[in-house]
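Q: 3D, please:
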Amino acid sequence: MMHCALPGFETETVRADDIILTPLLRRLRESAVTRRSRLIDLKQQYTTVIVTHTLRQAKRLADYVIYMYMGEVIEAGTAKEVFSNPKHERTKQYLEGLF
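A: Numbering: from 1, shown residues only. All right, here's what the predicted structure looks like:
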């Protein structure tokens with residue numbers, strides 16, 4: 001279960017299966033245009049936080065990226081900015097696959 005709660009906002013609890021599995025099953029039947037349309041609709045209605053180690057996924061989905069190492073924020077910015085022109089050496093090394 002995931003629960004989103006912010007002071008002053010209505011909260012909602014959502015089962016992870018409903019978010020992950022159901023769309024995956026539907027994806028087999030939907031066209032790329034339909035999937036993109038659904039994603040755009042969801043992005044307009046919800047804020048989503050995704051934690052991933054998969055750079056390809058982050059590049060494809062993120063509008064904003066925070067790169068962390070050992071619990072410390074190393075770099076933050078728009079996905080385009082961080083992936084195409086990282087400012088910190090540690091971020092550059094990670095993006096180049098050096099560690």
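
Q: low-scoring pLDDT stretches of the chain, where are they?
A: When residues are selected by pLDDT under 70, those of the chain lie in 1-33, 35-36.

Q: one more time with 80, if that's ok
A: Scanning the chain for pLDDT under 80 picks out 1-46, 48, 50, 99.

Q: can you give me the helices for it?
A: 16-27, 32-45, 55-61, 79-84, 89-95 (DSSP state H).

Q: Name the residues that touch the fourth one?
A: Contacts with helix 79-84, where a contact means Cβ atoms under 8 Å, 6 or more residues apart in numbering, come from 55, 58-59, 62-65, 67, 75-76, 91, 95. C-beta: built from backbone N, CA, C; applies to glycine.

Q: same thing but at 10 Å, please
A: By Cβ atoms under 10 Å, 6 or more residues apart in numbering, the residues outside helix 79-84 that reach it are 55, 58-67, 74-78, 87-88, 91, 95.

Q: Domain boundaries for this structure, per the record?
A: 1-48, 51-99 (automatic domain parsing).
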